[in-house]
Every structure is written in structure tokens, then in C-alpha cells.
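Novice: what shape does this take:
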Amino acid sequence: MSLFSKQKTPPPPPNGTEEYHPIWSNFEFLFLTNFKLIPFFLPSIVAMGLFLAFGGGLFLLAAMVLLLPAGPAVCAMYDVSYQLCREVPKHERRGFFASYRLNLKQGISTMAVQLPVIFLLLMLLLIQGEKPLWVTLCLILGSVILLAFSILAFSQTALVELPLLQIWNNALFLIPLTHWRSLVPAVVHLLYLAVLYQWLGWAFLLFLFLGPAMLIAWSANTLWPGLEPILIRGDDQ
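Specialist: Sure thing, here's the model as predicted:
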């Protein structure tokens, strides 16, 4: 039985002779798309900043809840990125906000199912004093696995039409099935979040001008060689 069913975006026509790279050939487009993506993260980041500055469970709760609208936005960015990877012609591409509306329910649900784990990892991160080794290991390994799950779940939502439970179940199996490719962007995402946490001022500028759109596009480009054979095999069965 295939992991996937109907693809949301039809396969592109054969490549032309012009040299093409999904990221560098679309750098200006991704730069501008980043400004469509970041408003969905800013409320949660502001609430988290207030929590770190003043404490208070209300700010932390707000930061968690305000992450929910970012779920469909992440799906939309993966959709845009995979269309670039597949060289879908401009006139056939689905736009960011059209994809946001299409993936609204699944994106919010996929973000919601991750919130308890995000909360637990934040509690481990915020332990005062020197952390025991087991806490540090749980924090790192848990974050990498969660990010790999998140990347693959949002990728499936962008690429194929599947029930939510199957998407979440597939996300775990796809980690080894894609030859562990998802662990590379997961580690890079974790390093990016660590920089954002440690050096908020400078990292915010990076977040604002290059940040998540470029990171998601790079992740999609890294994952696509592993996902493409599975999608093709799923269509042929």
C-alpha cells in the first residue's frame, strides 16, 4: 500500500536546457515570500519574548496558542517550495495565500498535535542552573525528532491529499524511508532556533529578511530527492 494518494500539484513538463536551481534561481521571489510568512510567527515570538522577560504562564500559553495560525503558513511555504523544486511553470503555480486557505485545517491540526511536545521541550530548556546530561540529551534528541516529524508532516500536507492521521503516521516512517534526509534540515532548524533564542536581536534581522522562507525552501530542496521516488512509486501502484 502506498504512503501517498493523489498529488496536489501535477508533475511539471520536461526541463528545458536553461540551468535552474530551486533556490538561487528564485532568490528574489523567496525573499519577498518571506514577508508573507513572518506575520504568522511574529505574535508567538512577541509573546515568548514577554514570557522570557517578565515570566508568567499567560504569556507562555499565548505563545503556544498563537503558533496555531503558523501551521497553514508553513504548509503554504512548503507547497510554494516544492513547486519550485518540481519546476512548475509560473502560470500554473498555486500562490502562498491560496495554499494557506487550502491547507488551513490540516496545518492548524498538525501544529496543534506538536504543541504538547513543544511545551515539554520548553520546560526542559528553561530548567534553571546546570542541566543534567540526560536533560540535555532529551532536549536535543527530542527537538531533532520533533522537527523531522514536523518537516515531513507539513511536506506531505503540501504535496498530497491524505487524512491527517495517515499524514502523522507517515511522517515517522518517512524519516528512514527518505534515507534520513529529514534529519539534516531538522538539525539546521534546531541550530537556527538556538541562534534565535541566544541572540534575539541579530537573529531577528536574519529572521525578518531571509529566515523561515529560505530555510523551508532549502529543506524542501534537500528532501525532494528522497520524497520524489516515493511519490512516483505511489502513483504507479
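Novice: lowest average confidence, helix or strand, in the protein?
Specialist: One helix or strand of the chain scores below all others by mean pLDDT, DSSP states H and E: helix 200-209, with a mean of 64.
Novice: distance from the chain centre to stretch 126-137, please.
Specialist: 27 Å (C-alpha atoms, centre = their mean, to the nearest Å).
Novice: state the mean pLDDT of that stretch.
Specialist: Average pLDDT, stretch 126-137: 82.
Novice: let me see the contact set for the residue most central in space within the chain.
Specialist: Centroid check for the chain by C-alpha atoms, centre = their mean gives residue 151 as the closest residue, at 4.6 Å. Neighbour list for residue 151: 182, 185-186, 189, 219, 223 [criterion: C-beta atoms under 8 Å, 6 or more residues apart in numbering]. Every C-beta, even on glycine, is put in place using the N, C-alpha and C of the backbone.
Novice: rerun that using 6 Å as the cut-off
Specialist: 182, 185, 219 (C-beta atoms under 6 Å, 6 or more residues apart in numbering).
Novice: which non-adjacent residue is nearest the second one?
Specialist: Right, the one you point to is residue 185. Spatial nearest neighbour of residue 185, excluding adjacent residues (C-beta to C-beta, 6 or more residues apart in numbering): residue 219 at 3.7 Å.
Novice: of the contacts of residue 151, which is the nearest to residue 108?
Specialist: For those, the minimum distance to residue 108 (C-beta to C-beta) is 20.5 Å, reached by residue 219.
Novice: I'd say residue 100 and residue 75 touch.
Specialist: No. Using C-beta atoms under 6 Å, residue 100 is not in contact with residue 75, being 7.5 Å away.
Novice: what about those two, which has more around it?
Specialist: Set side by side, residue 100 and residue 75 show more neighbours around residue 75, with 27 against 22, by other C-beta atoms under 10 Å.
Novice: gap between that one and residue 92?
Specialist: Distance of residue 75 to residue 92, computed by C-beta to C-beta, to the nearest Å: 19 Å.
Novice: go on, residue 211?
Specialist: 27 Å.
Novice: before we move on, what about residue 27?
Specialist: 21 Å.
Novice: residue 220: how many residues sit nearby?
Specialist: Neighbours of residue 220 using other C-beta under 10 Å come to 28.
Novice: for it, give me its contacts.
Specialist: Residue 220 touches 78, 81-82, 85, counting by C-beta under 6 Å, 6+ apart.
Novice: which of these sits closest to residue 138?
Specialist: residue 78 (27.6 Å).
Novice: now the closest one, nearest residue through space, not along the chain?
Specialist: That would be residue 158: by C-beta to C-beta, 6+ apart, it lies 3.9 Å from residue 78.
Novice: phi first, then psi, for residue 160.
Specialist: phi -140, psi 160 (degrees, to the nearest 10).
Novice: quick one: it from residue 62, how far?
Specialist: Residue 160 is 33 Å from residue 62, by C-beta to C-beta.
Novice: one more: residue 141?
Specialist: Here residue 141 is placed at a distance of 28 Å from residue 62 (C-beta to C-beta).
Novice: ok, back up a step: measure the residue nearest to residue 78 to residue 107 for me?
Specialist: Applying C-beta to C-beta to residue 158 and residue 107 gives a distance of 9 Å.
Novice: list residues touching both of the two?
Specialist: Common contact partners of residue 158 and residue 107 (C-beta under 6 Å, 6+ apart): residue 75.
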